[in-house]
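1. just coords:
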């Protein structure tokens, strides 16, 4: 389980169950666990500090590569 955090302020955004050992390019909403804190304006997702994190594409969130960091382990 990964903890997705803002790259700018290190605030926790949500928990995500990552399957496989690739990069985190998309976060499927069905695999998102606990949601901590973020805001959505139109189709973009932002941290409370104003940094863009991703784009809502319906069933998943397309992540912006330099907008987030993560800690935790990926599931194979």
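-> Looks like it arrived, so ask away. All figures in this text were calculated on a predicted structure; none of them were measured in a lab.
2. Could you confirm residue 30 falls within a helix?
-> Yes: counting by DSSP: H, G, I helix; E, B strand; the rest coil, residue 30 is located in a helix.
3. if I read this right, it contacts residue 19, doesn't it?
-> No: judged on C-beta atoms under 8 Å, residue 30 makes no contact with residue 19 at a distance of 11.4 Å. In this view, the C-beta of every residue, glycine as well, is placed from N, C-alpha and C.
4. shared neighbours of these two, anything?
-> With contacts defined as C-beta atoms under 8 Å, 6 or more residues apart in numbering, no residue is shared by residue 30 and residue 19.
5. what sits against the residue lying farthest from the centre of the chain?
-> Within the chain, residue 76 marks the point farthest from the mean C-alpha position, 19.0 Å out by C-alpha atoms, centre = their mean. Neighbouring residues of residue 76 by C-beta under 8 Å, 6+ apart: 19-21.
6. Now tabulate those in a markdown table and tack on secondary structure and distance to residue 10.
-> Below are the contacts of residue 76 laid out as a markdown table (DSSP: H, G, I helix; E, B strand; the rest coil; distance: C-beta to C-beta, whole Å):
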| residue | secondary structure | distance to residue 10 |
| --- | --- | --- |
| 19 | strand | 25 |
| 20 | coil | 25 |
| 21 | coil | 24 |
